[in-house]
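A.B. asks: what's the 3D shape of this:
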Amino acid sequence: MHGGEELLSALKLAAGRARVDARVTSSGCFELCWVGAAVAVTPDNVFLKGVTVDDVPRLVEALADPEPGSFQRLLANRIAVDADFIDPTKASNGEVPPP
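C.D. replies: Coordinates of the predicted model:
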């Protein structure tokens, strides 16, 4: 994904500076190119889509906030919903293609 390495570096640096108790690492491909740069947050079970370097301060703030709902409050426009996981090139009418 274009910009993924820049995002990873910025997130590692910002999380380290904020002393956030989080492990920031890269992963294999999520095979969801159409959502843009993606961030999976576990164990919160939050999947963020279209994340950019500009989102890093809010992402770090959400990681540092122990209160439930911090991702929804700070990054609501980046939280993936079920429809985001459907490949628009393989599905029609919003239906999930058969396996």
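
A.B. asks: distance from the chain centre to the one helix or strand Ala15 maps to, please.
C.D. replies: Ala15 belongs to helix 4-17 when assigned by DSSP states H and E. With C-alpha atoms, centre = their mean, to the nearest Å as the basis, helix 4-17 stands 13 Å off its chain's centre.

A.B. asks: just the residues contacting it, thanks.
C.D. replies: 22, 24, 26, 37, 39, 51-53, 56-57, 59-60, 63 (C-beta atoms under 8 Å, 6 or more residues apart in numbering). In short, each C-beta sits where N, CA and C put it, glycine included.

A.B. asks: from those residues, which would you call buried?
C.D. replies: Using 16 or more other C-beta atoms under 10 Å as the burial test, the contacts of helix 4-17 include 22, 24, 37, 39, 51, 56, 59-60, 63 as buried.

A.B. asks: tell me which of those fall in helices.
C.D. replies: Per DSSP state H, helices hold the following members of the buried ones among the contacts of helix 4-17: 56, 59-60, 63.

A.B. asks: circling back to that earlier point, including distance to Ser70 and pLDDT, could the contacts of helix 4-17 go into TSV?
C.D. replies: TSV is the format used below for those (distance: C-beta to C-beta, whole Å; pLDDT from 0 to 100):
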residue	distance to Ser70	pLDDT
Ala22	13	89
Val24	17	93
Ser26	23	89
Ala37	20	89
Val39	14	92
Val51	15	94
Thr52	19	94
Val53	20	96
Val56	15	97
Pro57	13	97
Leu59	10	95
Val60	11	96
Leu63	8	93
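
A.B. asks: which of the residues you listed lies closest to Asn77?
C.D. replies: Using C-beta to C-beta, Val51 comes nearest to Asn77 of these, at 10.5 Å.

A.B. asks: gap between the closest one and Leu7?
C.D. replies: Look at Val51 and Leu7: by C-beta to C-beta, to the nearest Å, they are 6 Å apart.

A.B. asks: can you check Gly69 too?
C.D. replies: For Gly69, the distance to Leu7 - C-beta to C-beta - is 24 Å.

A.B. asks: so which of the two has more stuff around it?
C.D. replies: More crowded of Gly69 and Leu7, by other C-beta atoms under 10 Å: Leu7, with 23 against 10.

A.B. asks: many thanks, I have nothing further to ask.
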